[in-house]
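Undergrad: mind folding the following:
(chains A and B)
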Amino acid sequence: DGGITQSPKYLFRKEGQNVTLSCEQNLNHDAMYWYRQDPGQGLRLIYYSQIVNDFQKGDIAEGYSVSREKKESFPLTVTSAQKNPTAFYLCASKRQANSPLHFGNGTRLTVT
Amino acid sequence: AQSVSQHNHHVILSEAASLELGCNYSYGGTVNLFWYVQYPGQHLQLLLKYFSGDPLVKGIKGFEAEFIKSKFSFNLRKPSVQWSDTAEYFCAVNEANMLTFGGGTRLMVKP
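TA: Now for the predicted structure:
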C-alpha cells in the first residue's frame, strides 16, 4: 500500500543536539511538506518542497533545515538553534497543486 | 489508536446551498478537534478548533462546527456556500499531543 511513513513515532533528545526526522513516501508525489503543532495551536508550516532539489521556507523555518535529494524523501533536521523544539511534527505530500493532501502519522519530539 | 473518518470524499453543491461535512473519531477520551481547509494552490489553513466550552464553535468565513461528545462527531457546517469555498476540508483530532487527520473531503461549489 502506498503512503507516507514518518519514523519514529516518539523521539527523545537532549538539548543542544541536532535531530533528523524522517519522512518517506511511495506515492510518487512531487510536493512534500513539514508542519509543526503545539498545544493550543493549529498546524504551522515549516518547510515545503515542490520538486526534487528545491524547497522553500514556510512560516516558521528558523532553527530547521531540510533536504530533498530524492523524490521519496524529505527529512527535517531540528537544529540546536530551534528554541522550542518539543512539538508534534507532521509530514504531508501531494502529487500536484490540485491533488489531495496525504498525511503521515507524525513524530512527537521531546527535547529535555 | 485514534482514527478519524470523513464520510464524504467528494461533495458538489450549488452556490447558496447549505453545507454539512461529517467527521467522526474513534477514541472517546479528552480530545481537541480541528477543521482545516486547503484552497486550490494554497497551503493548509485552520478554519476552526474546539478545545473546551461551548460545543458549537464558530470559525472563519462563516463556518461553524458542533462537537457532539456522545456521537464522537465534529461536523462542519455553513448555511450558504459560495464558489470561493471550493477546497479540500480536513478534520483532525488531537489526543495526547498526537494529531490524526481524516482523509479529507473535496468540496466543489458550482456558480
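
Undergrad: for B:Phe34, give me its contacts.
TA: A:Gly42, B:Leu46, B:Leu47, B:Leu48, B:Lys49, B:Tyr50, B:Cys91, B:Ala92, B:Val93, B:Asn94, B:Leu99 (Cβ atoms under 8 Å, 6 or more residues apart in numbering or on different chains). Every residue, glycine included, has its C-beta placed from N, CA and C.

Undergrad: if we use 6 Å, what do you get?
TA: The neighbours of B:Phe34, taking Cβ atoms under 6 Å, 6 or more residues apart in numbering or on different chains as the test, are B:Lys49, B:Ala92.

Undergrad: give me the phi and psi for it.
TA: The phi and psi values for B:Phe34, taken as degrees, to the nearest 10, are phi -140, psi 150.

Undergrad: which sections of chain A are below the confidence cut-off?
TA: Under the criterion pLDDT under 70, the flagged ranges of chain A are A:1, A:40, A:97-99.

Undergrad: near chain B, which residues of it are found?
TA: When proximity is defined by Cβ under 6 Å from any Cβ of the partner chain, chain A lies next to chain B at A:Gln37, A:Gly42, A:Leu43, A:Leu45, A:Phe88, A:Ala97, A:Asn98, A:Pro100, A:Phe103, A:Gly106.

Undergrad: beta-bridge partners for residue 77, please?
TA: Defaulting to chain A. Counting by DSSP bridges, A:Thr77 is bridged to A:Thr20, A:Ser65.

Undergrad: wrong one, I was asking about chain B
TA: In this structure, B:Arg77 has the following beta-bridge partners (DSSP bridges): B:Glu20, B:Glu64.

Undergrad: report the central residue of chain A.
TA: Geometric centre of chain A, nearest residue: A:Trp34, 3.1 Å, by Cα atoms, centre = their mean.

Undergrad: next one: chain B
TA: B:Trp35 (3.9 Å).

Undergrad: how about the secondary structure of that residue?
TA: In three-state terms, and counting by DSSP: H, G, I helix; E, B strand; the rest coil, B:Trp35 is strand.

Undergrad: I'd say it and B:Leu48 touch.
TA: Yes: because the distance of 5.4 Å satisfies Cβ atoms under 6 Å, B:Trp35 is recorded as touching B:Leu48.

Undergrad: which residues are common contacts for those two?
TA: When contacts are counted by Cβ under 6 Å, 6+ apart, the set common to B:Trp35 and B:Leu48 consists of B:Ala65.

Undergrad: before we move on, the earlier item: what's across from the residue nearest to the centre of chain B in the sheet?
TA: Applying DSSP bridges to B:Trp35 gives these bridge partners: B:Leu48, B:Cys91.

Undergrad: how near is it to A:Arg108?
TA: Taking Cβ to Cβ, to the nearest Å as the measure, B:Trp35 falls 22 Å from A:Arg108.

Undergrad: before we move on, what about B:Gly103?
TA: Noted for B:Gly103: a distance of 22 Å to A:Arg108, by Cβ to Cβ.

Undergrad: tell me which of these two has more neighbours.
TA: Applying other Cβ atoms under 10 Å in any protein chain shown to B:Gly103 and A:Arg108 shows that A:Arg108 carries more neighbours, namely 18 against 15.
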